[in-house]
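Student: Let me see the structure of the following:
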Amino acid sequence: MLRTIRNFFIAMLFLYSTIFSSGNANASLNNPNTDSFMNAKYGYFFHYLAGYNDIAGSNITEWNSSVNSFDVNAFANNMADAGAGYVILTLGQNSGYYNSPNATYETLAGYPIGVKTSVRDLPLDLYNALSPKGIKLMLYLPSNAPAHDSFAANNMGLTVKGGFDWNVNNEFGDKWAQVIQTWSDRYGDKIAGWWFDGYYSWNGFNSTHAQKYSQAVK
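Tutor: So this is what the prediction gives:
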């Protein structure tokens, strides 16, 4: 529970200070870029992952089946009935499977295209279902390499693991920013905000990485 609470506040701080700010990655009081988030009052945050607790062991066939089965229209109707102003959806997390295509990730992680990312573009389909109802879509990403995928982490420049997350370095920061950029270019202003989790100083993150991620999503 304490870890979850800490993740929440760290992620929210990073979100406000880097993604919604203009120009540099600095927080500012009464930033108008956050008005829509505040005016929404409340929304819903969903982890849609491959397997229980996103543990590695799933396969791409199983993952694609899960992504393909997501009924975005029924989901959007439920969100509208609930009065949601926004929805946050995970692109992926610890297993390294993602619910949107991203050839940049698979290339940098050392996988053939289509091995770790879905055929269906779930976020785009979800945006198309939510947008007519006035519900904004935000996306979640870990700040680090997939915790349970050492093959991907090693190929992206990480060799030492500290606790649950990989210790980061500048090589990884540059590569992960490229992965983020690919998704950012794909969705553009269809995405109202980005939520980055696991951004801890104890595993090497600093303001340089924040600037790179901020620039990538913008």
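Student: Look up the residues forming beta bridges with residue 195.
Tutor: residue 140 (DSSP bridges).
Student: Surely it and residue 142 touch.
Tutor: No: using C-beta atoms under 8 Å, residue 195 makes no contact with residue 142, being 10.0 Å away. In this view, the C-beta of every residue, glycine as well, is placed from N, C-alpha and C.
Student: right, and the secondary structure at the closest residue to residue 133 other than its chain neighbours would be what?
Tutor: In space, residue 133 comes closest to residue 80 once its chain neighbours are excluded; the distance is 4.5 Å by C-beta to C-beta, 6 or more residues apart in numbering. What DSSP: H, G, I helix; E, B strand; the rest coil gives for residue 80 is helix.
Student: Could you report the neighbour count for residue 80?
Tutor: Residue 80: 15 surrounding residues under other C-beta atoms under 10 Å.
Student: go on, residue 124?
Tutor: 17.
Student: what residues are up against it?
Tutor: 100, 186-187, 190 (C-beta atoms under 8 Å, 6 or more residues apart in numbering).
Student: Which among the residues you listed count as buried?
Tutor: Buried by 16 or more other C-beta atoms under 10 Å: 100, 187, 190, out of the contacts of residue 124.
Student: Could you dump the residues you listed into JSON lines and include secondary structure and distance to residue 161?
Tutor: Below are those laid out as JSON lines (DSSP: H, G, I helix; E, B strand; the rest coil; distance: C-beta to C-beta, whole Å):
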{"residue": "100", "secondary structure": "coil", "distance to residue 161": "26"}
{"residue": "187", "secondary structure": "helix", "distance to residue 161": "31"}
{"residue": "190", "secondary structure": "helix", "distance to residue 161": "35"}
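Student: what's the closest of those to residue 87?
Tutor: residue 190 (12.5 Å; C-beta to C-beta).
Student: Could you check which helix or strand contains the closest residue to residue 111 other than its chain neighbours?
Tutor: The shortest distance from residue 111 to any non-neighbouring residue, by C-beta to C-beta, 6+ apart, is to residue 152 (7.3 Å). Following DSSP states H and E, one finds residue 152 within helix 150-155.
Student: pull the CA atoms of that helix into CSV?
Tutor: Taking C-alpha atoms only, helix 150-155 is exported to CSV below (Å, rounded to 0.1, in the frame of the first residue of the first chain):
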residue,chain,number,x,y,z
SER,A,150,16.0,-8.7,-18.6
PHE,A,151,16.6,-9.4,-22.3
ALA,A,152,15.0,-6.1,-23.3
ALA,A,153,16.7,-4.2,-20.4
ASN,A,154,20.1,-5.5,-21.3
ASN,A,155,19.7,-4.6,-25.0
